[in-house]
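S.K.: I would like the atomic coordinates for the input below:
(one chain, ligands or ions: 1)
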Amino acid sequence: MTLLSTRGLTVRIGTRVLVAALDLAVRRGEVWCLLGPNGVGKTTLLHTLAGARAPEAGSVWLGDQPLSARPLAEQACWRGFVPQSVHDAFPAPVLDVVLQGRHPHLSRWHWEGEADRTLALAALARVGLAGFESRDVTTLSGGERQRVALATLLTQDPPLALLDEPLAHLDLAQQLRVAELLACEARERGRGLLLSIHDLSLAQRLATHALLLPGDGRAIAGPAAEVMTEAALSAAFGHPLSAVHAHGHRWWLPA
Ligand SMILES: Nc1ncnc2c1ncn2[C@@H]1O[C@H](COP(=O)(O)OP(=O)(O)OP(=O)(O)O)[C@@H](O)[C@H]1O
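M.R.: The predicted model follows:
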């Protein structure tokens, strides 16, 4: 089943066309890694796919309906978005922040119940933050805050998730843990994921598909094995890159 698709999507900022006429389909069970150099337009594309920014041309669809035809509450049940970083304006217990993931599922006059709290606590445990529920969110480290955002997404539990560099602030062990968690959500629960990521080796472990933005407005999309080639990645990043095999994985090294 197709969770997210684009039809002739063009994204422009100022006079620059970041992505031209993109046709994309993200299906259940797929992990799409969005790759490309700094400033190429990954965040802008993710914002457009999330409906936070209007496309220059073309359209974004959730399932069999254009995004614009779905009410906001319905969009929030269908699709989650984790931004690159979160700035908390006010102190709040971590559990309250994670429980915000349940809001799209609650009717207007209902508060979160015990079942919602159980989901939120389980999500915190999955991202390695069991015991953090009473902590003030403004006191967390960058990596802890990023994992709270992931726990909020797990609590929201949408079929489709868009994530902007979700591994950026994490240490190596946490990167691997969260990468495995995301892969498991796709593989075992049929979730569809589209995430931007700079670490090509982690992307290689995680991706079933890749969307590479080389910087000229094109978007190279397809199965990861076809898109993540030495020639395509070296050209996109403007530096020779080669893949080596070790410990059962493919690792990307700069020359
Ligand atoms: N409001 C704006 N006005 C003009 N240019 C902008 C604006 N917002 C973003 N840009 C530019 O658009 C381009 C794409 O930015 P974007 O944040 O989408 O890139 P990115 O691929 O996510 O980069 P990074 O890997 O560094 O996070 C950049 O060159 C950026 O400077």
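S.K.: Confirm Leu22 sits in a strand?
M.R.: Yes - judged by DSSP: H, G, I helix; E, B strand; the rest coil, Leu22 forms part of a strand.
S.K.: Name all residues that make contact with it.
M.R.: Applying Cβ atoms under 8 Å, 6 or more residues apart in numbering, we find Leu22 in contact with Thr6, Gly8, Leu9, Thr10, Val11, Gly58, Ala219, Ala221. Using the backbone N, CA and C atoms, a C-beta is placed for each residue, glycine as well.
S.K.: what about it, distance to Trp252?
M.R.: 24 Å (Cβ to Cβ, to the nearest Å).
S.K.: again, but for His209
M.R.: Taken as Cβ to Cβ, the span from His209 to Trp252 is 17 Å.
S.K.: again, but for Leu163
M.R.: Distance from Leu163 to Trp252, by Cβ to Cβ: 20 Å.
S.K.: quick one, which of the two is more surrounded?
M.R.: Higher neighbour count among Leu163 and Trp252: Leu163, with 23 against 19, using other Cβ atoms under 10 Å.
S.K.: which element is that one on?
M.R.: Assessed by DSSP states H and E, Leu163 sits inside strand 160-164.
S.K.: Just give me how far that strand sits from the chain centre.
M.R.: From the chain centre to the centre of strand 160-164 is a distance of 3 Å (Cα atoms, centre = their mean, to the nearest Å).
S.K.: Kindly report the same for stretch 156-163.
M.R.: Counting by Cα atoms, centre = their mean, stretch 156-163 comes out at 8 Å from the chain centroid.
S.K.: so who does the residue nearest to Ala243 when sequence neighbours are not counted touch?
M.R.: Of all residues beyond its chain neighbours, the one nearest Ala243 is Arg250 (5.0 Å), with distances taken as Cβ to Cβ, 6 or more residues apart in numbering. Contact partners of Arg250, counting by Cβ under 8 Å, 6+ apart, are Ser201, Gln204, Ala243, Val244.
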